[in-house]
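Novice: Whatever this is, show me its structure:
(2 chains)
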Amino acid sequence: MAETIQIQVNGEARDCLADATVGNLLRELAIKTERVAVELNLEILDRKDFDSRSLHAGDRLEILSFIGGGAPMGSHVRERGFVHAE
Amino acid sequence: MQNDPLIIAGREFKSRLWVGTGKYKDFAETKKAIEASGAEVVTVAVRRVNITDRSKENLLDYLDPKKYIILPNTAGCYNVEDALRYARLARAAGVSDLIKLEVLGDERTLFPDTAGLIEAARILVKEGFIVLPYTNDDPIVARKLVDVGCPAVMPLAAPIGSGLGIRNPYNLKIIMEMIKVPIIVDAGVGTASDAAFAMELGADAVLMNTAIAGAKDPIAMAEAMKYGVYAGRLAYKAGRIPRKLYATASSPIEGML
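Specialist: Next up, the predicted model:
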C-alpha cells in the first residue's frame, strides 16, 4: 500500500498518493485539461507542467474553468477564496 | 451594412451585440438565445470546477469555439489583487489574451471601483492582456483607461442587471467624443430600444446579459436585441435630423386650391 498525503483541492481536503503529480490528480478526477486553469499554492501552472509537478502534503490546489457569466450572479468572491460553479 | 466590422486591437468582430452567458435556465436555452442574438463575443466567468460531481455539463460544450469568441471576465472581484488573479487564471485556462476587467466597488450597485480598475488595467496591459474594462460613465476615467493601454472601454448604461436603460446619454456622448477607441456600452439596458439608443448615440457595440436572460422569452428578446443594435447602428451611420421646436411641413404648399 503506497503512502498517501492530504492536500486541499478546491477548498476541500483530499487524500492522494505521495508521489502523485498534478496531472495524475486531474486524470483521477476525470478533468479534461483543455480550458482548465490550475493554481498550486497560489502559483498558476503552465499546462505542460501538469505531469511534472508533484504534490506535497498540505498543498493547496485550485482547479478552475469557465462557467456562464456576464453580470455577477449574486455570489461574489470573498477574501481569497473562490466561489463554486454550482 | 454588410461590411461594418468592429475592430479592437487589430481583431475584427462581426457582431456589435455582445452577450453574457449567465442567469439562463439551462445550457440549451443559453445556446438558443446566443444563436438568436447573432452575437459572436460571449462573456464567461472563471470559477472552481465541481470536483465532486463530474457528470455536470460544461457551458463550453455548448458553444462552438470556432463560432464564438470567448471573453472571460473578472466578475465578482472587489479588489485589484483578485481581479489580477482571475485574469491570469482565465488566460491560463487557455482561450486568449482577451479579458473583460471588472473591479467592483460596492455589492448593492455593482458600480466599478474606478481607481482599482485603472490600476489593474495598467498591470494587465503590461502583461500582454487585451483589457476591456467595465467602467462608469465617467469620461475622465475612460480617458485614463485608454492612457494605460486599454484598446476599448466599456462604460455602463445603468447598474448591472437593473434594466434602467441609458441613464446618462450626455456623459456617454462625451466619452465617445473624447476618446478615440471603441466604446462598448456594458450593463443596464432593459429592452431593444435601449440598445438602439446606445448605438444611435455612437456606441460601437453593446454588451448585455440580464436583459436577454431575464426576459420572459429570452430567445425572442435576443432576436429583438439583435435588431435593436442593428437599427441603432444604421440610424447612427445614416445621420439623424436635427431637433427643432416647431413644425416643418413635409408636403408642398404649391398646387393647393
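Novice: nearest residue to B:Ala36 other than its sequence neighbours?
Specialist: B:Ala222 (3.9 Å; Cβ to Cβ, 6 or more residues apart in numbering or on different chains). Where C-beta positions appear, they are placed from N, C-alpha and C, glycine not excepted.
Novice: Where does the prediction get shaky in the chain?
Specialist: No chain specified, so I'll use chain A. A:1, A:70-86 (pLDDT under 70).
Novice: Can you look at chain B instead?
Specialist: B:1-2.
Novice: Neighbours of the residue nearest to B:Ala36, how many?
Specialist: 24 (other Cβ atoms under 10 Å in any protein chain shown).
Novice: could you say what helices and strands the helix or strand hosting it packs with?
Specialist: Using DSSP states H and E, B:Ala222 sits in helix B:218-238. Under the contact criterion of 3 or more Cβ pairs under 8 Å, 6 or more residues apart in numbering or on different chains; DSSP states H and E, helix B:218-238 touches strand B:17-20, helix B:27-37, helix B:192-201, strand B:205-208, helix B:210-213.
Novice: which of the residues in the top strand by length along chain A are buried?
Specialist: For chain A, the longest strand by residue count, based on DSSP state E, is strand A:60-68. Using 16 or more other Cβ atoms under 10 Å in any protein chain shown as the test for burial, strand A:60-68 gives A:61-68.
Novice: thinking again about what came up before, turn the helices and strands packed on helix B:218-238 into a markdown table, columns for mean neighbour count.
Specialist: A markdown table is the format used below for those (neighbours: other Cβ atoms under 10 Å in any protein chain shown):
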| stretch | mean neighbour count |
| --- | --- |
| strand B:17-20 | 29 |
| helix B:27-37 | 18 |
| helix B:192-201 | 23 |
| strand B:205-208 | 30 |
| helix B:210-213 | 26 |
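Novice: Stretch A:45-64 close to chain B?
Specialist: Yes - using Cβ under 8 Å from any Cβ of the partner chain, a contact is recorded between stretch A:45-64 and chain B, made by A:45-47, A:62-64.
Novice: before we move on, back to that, of the helices and strands packed on helix B:218-238, which is nearest B:Gly239?
Specialist: Set against B:Gly239 and scored by Cβ to Cβ, the helices and strands packed on helix B:218-238 come closest in helix B:192-201, at 10.4 Å.
Novice: other SSEs contacting that closest one?
Specialist: helix B:169-178, strand B:205-208, helix B:218-238.
Novice: For the second one, enumerate the helices and strands it packs against.
Specialist: Contacting strand B:205-208 under the criterion 3+ Cβ pairs under 8 Å, 6+ apart are the following elements: strand B:17-20, strand B:184-186, helix B:192-201, helix B:218-238.
Novice: First residue to last residue on stretch B:43-55, what's the distance there?
Specialist: 23 Å (Cα to Cα, to the nearest Å).
Novice: Wait, a helix at A:Leu25?
Specialist: Yes - counting by DSSP: H, G, I helix; E, B strand; the rest coil, A:Leu25 is found in a helix.
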